[in-house]
Structure formats: structure tokens, C-alpha cells
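Peer 1: the sequence and its predicted three-dimensional model are supplied below.
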Amino acid sequence: MSKLELKGISKSYGSSLIVNNLDLEIQDGEFLTILGPSGCGKTTTLRMIAGFETPDNGQVLLNKQDISQLPPYKRNVNTVFQNYALFPHLNVAENIAFGLHQKKLSKTETNKRVDEMLELVQMTAFKTRKPFEMSGGQQQRVAIARAIAPDPEILLLDEPLGALDLKLRKQMQFELKQLHKDLNKTFVYVTHDQEEALTMSDRIAVMNHGVIEQLSDSQTLYNHPKTKFVAGFIGEANLIPVNIANKETFTLEDKTFNFNHEISDSKGILFIRPENVSFDTIHDISLQVTIEDVIFVGNHRKYKLVTASGQKIIKTEDSSVALTKIIGQSVTIYLVPSLIQIYN
Amino acid sequence: MKNYDKYVLIFPLLLWLFLFLVLPYLFILTQSVLATDDFGKVVYDLNFDSYIKIFTNPLYYETLIRTFIYAIIVALACILLSLPLAYFIAFKVTKNKSFYYTLIVLPFWMSYIVRAYAWKVILGENGIFNSSLINMGIIDKPLRFVLYSDFSVILCLIYIFLPFVCIPIYTSFEQISKSLVEASKDLGANSWVTFRKVIFPLILPGVISGGTLALVLTLGDFLAASLLGGPNTLFISSIVQNLFGTSNDKPLGSAVGVVLLILVFIVLELSSRYEKKHETQ
């Protein structure tokens, strides 16, 4: 069942169009991430769900009800802000109780819920602390507890881990994922960190220039990026120019290979992940290259390869595989056809 | 040697403060416990008659209390006028903020006396205020109570001390992060609840310090009362001025000054304690 639906929403500031006729359907209980570079409109999209911005066109539907014109305080969604936005004059318990007071909960119910939330984010010991007496990570836990406390239909998270250091961020990613599982709530998460998106989300919407380029689960997104932008934005990719004569073949390094695609132009871009370039597993699509350099990167090894025409290709392999190649050596590489894409 | 350098830098100021602040205060304090002879000359005879007079003669203690009440009225009025004005400039004005800010500060560039006289022109029998009301047909005869009365003095004091209150309140508003307002609305609070439960507590230190300033300045002001006050307008500072002048009772004048000073210290201490209690950083 779809929980939240964005129907053709647009938003512009002055003459710049930030969100362009965007459609998005979010399922009940889903962890959906909106991923994109800064300025792609992801935060504006989230703010339109929260009610801080009103779309110029289109509708925001929550449980099939149009909420696009409702002020934020009448929407049953809560936000975790990037800078935490804890009320500095209130202590931890009072911060968490803020939303409960607005829901007119009784004093005993409020206290019970606050204690529950403190336990959920493991902050019980900090109940009477003021925000300025806590570290960033602790403040973020309180911010999450405060947003969950009023039991919103959807939890919106606006780059909530952006200000934390790497180690803490990894830990919080795991905890947030766990929290999502325990609460069985719909999470809409906004980030520019692709790794964060890949590890946490059920589905990811990759945004660029105000539109969603691709909406799919992490694996599909990684292995079958729909557009050149997605291929380049997520992970490492070889993007190699190829010539095209018809929709059954493409030409690379003067060799023509059989490959079905949808491109009608005479030129295209071939996409393949470095780990899908192979030395030994034989496939139809093969190239003669020279090894320019071999770099050891911990758990894997990176080969810098160059073709006769000077096209550079990156290949990675597990460092547990014995190194048998030397720099300067000429080798044949094979590209796994099922993991190739060709773009305009 | 290095340690003495910093004292060299503040020595001129310390000397200045000692000569023109500490010494006069000590002088006043000493004089307040002395007496006068039949000709009003201060004689060295240690006694507390002046203080006893202040707390037994209604002229003194009642005026002191009334001045304090007037000071509270001025401070509250300044706060009430500043809140919407500062809120407007901080949150609603998007361009030319500094222009509006300058408008608040502008009266500082004119002399106090000129501004006080301006009220004479406005409130006088043939002034703008009365003639406008007559022309609009609201009244037949000029209202006389508006000038040379407690009303005109308080009005002038509110006008003169408004910037002192407005500026700290405006600064407090400016320091409130927009995301706090959004967080409050996100959690279900409408604009009024957001103001009451988030914005107001956060600007309270600014309100307190601005209000304290207006309160303290009013307690010590005598110019407004002497320029715009009526025959029955009595501010405690006018009494002090009188005691040092016409009445020529310097010990009593000093004693009133000392009591006033203690009152001001109490107000400042209470206000700074309150601010410490509500620290958020």
C-alpha cells in the first residue's frame, strides 16, 4: 500500500527550477532514500513533505489525502534535522515531550512515552541534560527520539548523520536501520552519501536537477544504473565511448561486438563496473590492453589498463587472488555482457 | 615585566574611573551621614538622620516607590512596543534589514533635550496632537492633561529608552535559528504556541537586559520630569536635584542618591542572576 505519494510536484525559487514535475510513491513501512548531489532538490522535496515549503504545482498525498496545503503542524509527519535543532532552553526530557504536549497527552502518558523513547535511543542517563551539555552524536539521538515520540505516520530524516565523524556515522547508520526494523515505520531519508544510501535503504531515488533519475533497490541501482548520471554518481564506473551502427551491435577499438541496446545515435557510452572486467572468465566482448599500473588498495587491487587507442579502463580484483601480471604486460580482458549498459 | 604591560594599558581608564566615579561615590556616601548647620553648611557630625527621614517622611519614600512604579511602566511599555517591532525586522524583513535597524538607532543621533522639546510641540495646547483631535471632531477643547503631567513624562521616557530595549531584543531574535522554529511547527505547535514555548524563552535574556536598562535609566532620569512634568510631577531624581539646589540639604540629597543606587544594584543583580539561570550555551 502506498503511504505517501508525490504527484507531479514542482518548486522554483525565482527563475531556478529546484524540483521539476516529480513523481514518487513511497510504500508503507519502507526505508526510502532520496540520494543526490547538493542542489539537486532532495532537501526541497523533503521540506515539501514536511510542509515547510508548498509546491508550486502538484500534490502531496498522505494515505491518499492531499496534504500539500496543510501547515507543518497539521501534518502527522516529523523531521530529524541535520543540525539537530534541539530546543536549547529545554532539557532532553522536555525536548522529547514537546511534541507530546502538542498532542495533549496526559502527564503520566507523556512521562511514560518520554522514558520509552529515552530507552529506545539509549539516552536514559541524559534525561535532565541540556543540549549544550551533550556531544553531536548524543544530540542526534535525542533529536531522533523527539521526532519519533509523537508517533508520526512518516519519519523524515534530512542528512541526519552529516555532521558526525565517520566512525560514529557508521554506528548510527546501523542503529537507524535497526530502529526502522523495530518501529516498522515509513522512513524517508535524504543524503548525498551514496554508501549511506546503499547500506540503509529498501529503495533509493537518485535525484539530479530536480528529477528522479532512477528509483530502485540498492543492488539494481548499483548493477544496472539506468542513466549515465546514476552510473557515474554511484560507485566506481568505467564509462567508455563506443561507436554504434545499429541496435544489435557496437564498435570499440575497431572491433564490432554483438550486443542488444536501445541507442539510435551513432555514438554511445559503454558502462561497466571495474570488478566486472575479467582476465580469465571468457566472454564474447574482449579487448587487448596494456597494464599501465597496479595499485594495492587494502582488500582489493586496482589495475590501470590502456587500450591501443589510448582509452583508459580500470579493473579491480580481490587482493586474495595471487598477483600474476606485471606492469607493461599486454593482456586480454573480457567484459561481462549481462553487466554492460550503453547510454546516449 | 610582561605582567605589568596589561595594567599599563588599562591604567588611564582606571585612573579616570577612580577620579570621576569612585571618589564622587565615596564623597556622596560620606556626605549622606553628615549633618548641616542652620545655614545649610555641611558639618562633620556623624548621624543617620537623613536615612531616617527618607524612610519616615512620605514625601521621600512615596516618591521613591512611585518613581519605581513609573520605571516599571516605562520598561514594560518599551518591551511591549519592542517585541513586535524587533520580531518584524528579524523575521519578516528580507531586504534592507540595516535600513530598519538604522531607523531604530536614528533618535540617538539627536540630543535628549531636542527630543524632549519635540514632545512639547506635539503635546502642547496648540500642538499636533490636540489640533488633530479637534480637527477630527473628537474633542472641542485642547486636552490639557497630555502635557506637563506624569503622562507626558512617561511618554517621553518610553520614546527615549525604546532603542535601548529594542536593540537587545532584536539581537536575541536574530540569534534564533530558523530550524528551531521549523522543529517546533514540525512537532505540532502552531505559530502562537511556537512563539510562547520556543521563541519567547529564547529572547527572554534580551527582554530582561533591555527592560533592566530602561528601568535603571528611568530611575535616574530628571530631565524629562523637569522639561515635561507638571507642578505635581515628582520623580526621585528631581528631589535629589532640588535638595542639592534650592533646599540646600546636601546630606539628605546624598542619602536619597545612595538609596537609589542600592535600589539600582538590587535590580541589576536580580536581572543578572536570572540571566545566569537561563543560560543556554
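Peer 2: Received it, and whenever you're ready, just let me know what you need. Numbers count the residues shown, from 1 in each chain, chains lettered A, B, ... in the order given.

Peer 1: helix or strand for the closest residue to residue A:185 other than its chain neighbours, just tell me which one.
Peer 2: Excluding the flanking residues, the one nearest residue A:185 by CB to CB, 6 or more residues apart in numbering or on different chains is residue A:155, at 5.6 Å. Any C-beta I mention is one placed from the backbone N, CA and C, and that applies to glycine too. Following DSSP states H and E, one finds residue A:155 within strand A:154-158.

Peer 1: pairing partners for that strand, with directions?
Peer 2: strand A:77-80 (parallel), strand A:186-191 (parallel) (DSSP bridges).

Peer 1: please name the nearest non-neighbouring residue to residue B:31.
Peer 2: Using CB to CB, 6+ apart, the nearest residue to residue B:31 is residue B:254, at 4.2 Å.

Peer 1: state the pLDDT value of that neighbour.
Peer 2: Residue B:254 carries a pLDDT score of 93 in this model.

Peer 1: neighbours around residue 58, how many?
Peer 2: Assuming you mean chain A. For residue A:58, the count of nearby residues is 18 (other CB atoms under 10 Å in any protein chain shown).

Peer 1: looking at chain B here, not the other one
Peer 2: 8.

Peer 1: quick one on the thing from earlier: may I see the buried residues of the helix or strand containing the residue nearest to residue B:31?
Peer 2: Take DSSP H and E as the rule and residue B:254 turns out to sit in helix B:250-277. Under the neighbour-count criterion of 16 or more other CB atoms under 10 Å in any protein chain shown, helix B:250-277 has B:250-260, B:263-264, B:267, B:271 buried.

Peer 1: and of those residues, the nearest to residue A:99?
Peer 2: residue B:271 (32.8 Å; CB to CB).

Peer 1: coming back round to it: dump the strands paired with strand A:154-158 to TSV, plus mean pLDDT and mean neighbour count.
Peer 2: Converted to TSV, the strands paired with strand A:154-158 look like this (pLDDT from 0 to 100; neighbours: other CB atoms under 10 Å in any protein chain shown):
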stretch	mean pLDDT	mean neighbour count
strand A:77-80	95	26
strand A:186-191	95	24
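
Peer 1: ramachandran angles for residue B:15?
Peer 2: With angles defined as degrees, to the nearest 10, residue B:15 sits at phi -60, psi -50.

Peer 1: buried residues in the longest helix that chain B contains?
Peer 2: The longest helix of chain B (DSSP state H) is helix B:58-87. Of all the residues in helix B:58-87, those buried under the rule 16+ other CB under 10 Å are B:60, B:63-64, B:67-68, B:70-71, B:73-75, B:77-79, B:82-83, B:85-87.

Peer 1: any stretches of chain B with poor pLDDT?
Peer 2: Scanning chain B for pLDDT under 70 picks out the ranges B:1-2, B:279-281.

Peer 1: helices of that one, residue ranges please.
Peer 2: Assigned by DSSP H, chain B shows helices spanning B:2-17, B:23-31, B:49-56, B:58-87, B:97-105, B:112-123, B:128-135, B:150-175, B:178-186, B:191-194, B:200-220, B:223-228, B:236-244, B:250-277.

Peer 1: and the residue nearest to residue B:31, how far from residue B:35?
Peer 2: Distance, residue B:254 to residue B:35, using CB to CB, to the nearest Å: 12 Å.

Peer 1: burial measure for residue 22, as a count.
Peer 2: No chain in the question, so chain A it is. Other residues close to residue A:22 by other CB under 10 Å number 23.

Peer 1: think we crossed wires, I meant chain B
Peer 2: Neighbour tally, residue B:22, other CB under 10 Å: 11.

Peer 1: how near is it to residue B:14?
Peer 2: Using CB to CB, we find residue B:22 at a distance of 10 Å from residue B:14.

Peer 1: for chain B, list the residues in contact with chain A, please.
Peer 2: Within chain B, the positions near chain A by CB under 8 Å from any CB of the partner chain are B:177, B:179-180, B:182-190, B:193, B:197-198, B:201-202, B:278, B:280-281.

Peer 1: go with 10 Å
Peer 2: By the rule CB under 10 Å from any CB of the partner chain, the part of chain B lying against chain A is B:176-191, B:193-194, B:197-198, B:200-202, B:204-205, B:278-281.

Peer 1: just the buried residues out of these, in ChimeraX syntax.
Peer 2: The following ChimeraX line selects those of the residues of chain B next to chain A that are buried, judged by 16+ other CB under 10 Å:
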select /B:176,179,180,181,182,183,184,185,186,187,188,189,193,194,197,198,201,202,204,205
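
Peer 1: hang on, the earlier thing: CSV for the helices of chain B, including distance to residue A:250?
Peer 2: Below are those laid out as CSV (distance: least, CB to CB, whole Å):
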stretch, distance to residue A:250
helix B:2-17, 77
helix B:23-31, 94
helix B:49-56, 103
helix B:58-87, 64
helix B:97-105, 59
helix B:112-123, 84
helix B:128-135, 87
helix B:150-175, 60
helix B:178-186, 50
helix B:191-194, 60
helix B:200-220, 63
helix B:223-228, 90
helix B:236-244, 94
helix B:250-277, 73
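
Peer 1: for residue A:292, which of those is the nearest?
Peer 2: Per CB to CB, nearest to residue A:292 of the helices of chain B: helix B:178-186, 49.3 Å.
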